[in-house]
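Trainee: model this:
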Amino acid sequence: MSERFRGRITAITALGCIALAGCASGHASEPAGFPREPATVIALDDNSGRHSVRLTEDGASRIGLATDTVRTTVDNGLPRLTVAAAAVLYDENGVTWVYLQTAPLTFQRARIVVSRVDADVAVLRSGPPVGTTVATVGVAELRGVEEGVPGE
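Mentor: Next up, the predicted model:
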């Protein structure tokens, strides 16, 4: 992956976290009536280092959150999973992910393997099952919340 592409990913992630300013989980010392944080990060219990990201309605609105579902198509006579190309997130090592919805306004990063991208559709070698809801808008912001931005 080129340095230019990595730089763009980093910039998009940083902008996403800025869009959700204060995206770490809320503090117990906040006074009553203090506005809730737009997102809460919850560590998973599977030693993966990944987290779930729970958005408030306001947080989802701020990032323009949109979702779609994993579908199937026939490709060269074989059934293949597909997702909107906008749902695919590439990390700094070129590994591909999607954020799947695990509860209302709650998303968890899941690894996928992309076979190819045709226009606005990513054809997958592996990924979540058909019907799974994935984020298509706000993906970089979800990653920014999950990973945090240095210095925050």
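Trainee: buried residues, the strand ranked longest in the chain. List them.
Mentor: The strand spanning the most residues in the chain, taking DSSP state E as the definition, is strand 106-118. Neighbour-count burial for strand 106-118 flags F107, Q108, R109, I112, V114 (criterion: 16 or more other CB atoms under 10 Å). From N, CA and C alone the C-beta is placed, and that goes for glycine too.
Trainee: for the residues you listed, which one is nearest A85?
Mentor: Among the buried residues of strand 106-118, V114 lies closest to A85 (CB to CB), at 9.0 Å.
Trainee: follow-up on the earlier one: any idea of the mean pLDDT in the longest strand of the chain?
Mentor: In this model, strand 106-118 has an average pLDDT of 96.
Trainee: swap in stretch 66-73?
Mentor: In this model, stretch 66-73 has an average pLDDT of 96.
Trainee: ok so, going back, between the buried residues of strand 106-118, which is nearest V130?
Mentor: The closest of these to V130 turns out to be I112 (CB to CB; 13.3 Å).
Trainee: I'd say that closest one and V123 touch.
Mentor: No: contact between I112 and V123 fails when scored by CB atoms under 8 Å: they sit 10.7 Å apart.
Trainee: much appreciated, bye for now.
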